[in-house]
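J.: My questions are about this predicted structure, shown below with the sequence.
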Amino acid sequence: MNIYRPIIDEFDLSELDMPDAFREAVRPAVEYLLDTHASFSVAIRMAALMLESYRGQLRVTDAFAAAHPENVISMYSSPDVFLAFYLLMLAAKAYNLYNVRAEQKAGVCTAFSLSCAEDNESCFLCREKYQAGPISACSYQTVPPFHVGCRCGLLFSK
């Protein structure tokens, strides 16, 4: 088990409207991406294999799709591409939560804030989102990325 697996195991993966067996296959895929520092090319191959072995249609929950335009599968060139970005989103979220917990344990940093690129590629929701607070307030919901394709970051302060 790698250092990220306990965090990945906490993810309920409720964004996916898929059978439990498929959702459970997401966890080792995310773990592999983190262990190998994999890029999009690895994520897309993994997504293609997952969907090929499932042989069904990839679906997300209505609530997840409604939360952000980039959470809609049809926004992407294929379900494989969407799933690859979803896996990378989960990997980044696990990485950020791991670092939050490491900072909490070290006791050096006590607060966090969010950063957004605020360029033409940034979505309107992320540009408007500014959050800061104690590290203890960090959770799956409050730590970026916030949607598929999100480029928001997390800053720690002493």
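T.: Right, received. Where do you want to start?

J.: Skipping adjacent residues, who's closest to Val100 in space?
T.: Of all residues not flanking Val100 in the chain, Cys138 sits nearest, at 4.4 Å (C-beta to C-beta, 6 or more residues apart in numbering). In short, each C-beta sits where N, CA and C put it, glycine included.

J.: My read is that that neighbour contacts Phe112, right?
T.: Yes. Cys138 lies in contact with Phe112 (C-beta atoms under 8 Å); the separation is 6.1 Å.

J.: Around the residue nearest to Val100, count how many other residues there are.
T.: Applying other C-beta atoms under 10 Å, we find 21 residues neighbouring Cys138.

J.: and if you look at Ser157?
T.: Using other C-beta under 10 Å, Ser157 is surrounded by 11 other residues.

J.: which neighbours do Cys138 and Phe112 share?
T.: Residues touching both Cys138 and Phe112 (C-beta atoms under 8 Å, 6 or more residues apart in numbering): Val100.

J.: Figure out how far stretch 149-157 is from the centre of its chain.
T.: 12 Å (C-alpha atoms, centre = their mean, to the nearest Å).

J.: how long is it end to end?
T.: 25 Å (C-alpha to C-alpha, to the nearest Å).

J.: which outside residues touch that stretch?
T.: With contacts defined as C-beta under 8 Å, 6+ apart, stretch 149-157 is touched by 70, 85, 89, 96, 99-100, 103, 109-117, 121-123, 126, 129, 135, 143-146.

J.: Go through those and flag which are in helices.
T.: Judged by DSSP state H, helices contain the following of the contacts of stretch 149-157: Phe85, Met89, Asn96, Asn99, Val100, Glu103, Cys126.

J.: Taking those, tell me the two that lie furthest apart.
T.: Within the ones in helices among the contacts of stretch 149-157, two members stand farthest from each other by C-beta to C-beta: Phe85 and Glu103, at 26.7 Å.

J.: Compare neighbour counts for these two and give me the winner.
T.: Counted by other C-beta under 10 Å, Phe85 and Glu103 do not tie: Phe85 has more neighbours, with 23 against 20.

J.: ok, the closest residue to that one other than its chain neighbours - contacts?
T.: In space, and not counting its chain neighbours, Phe85 is closest to Val148: 4.8 Å by C-beta to C-beta, 6+ apart. Shown in contact with Val148 (C-beta under 8 Å, 6+ apart): His68, Glu70, Asn71, Phe82, Phe85, Tyr86, Met89.

J.: Thanks a lot, see you next time.
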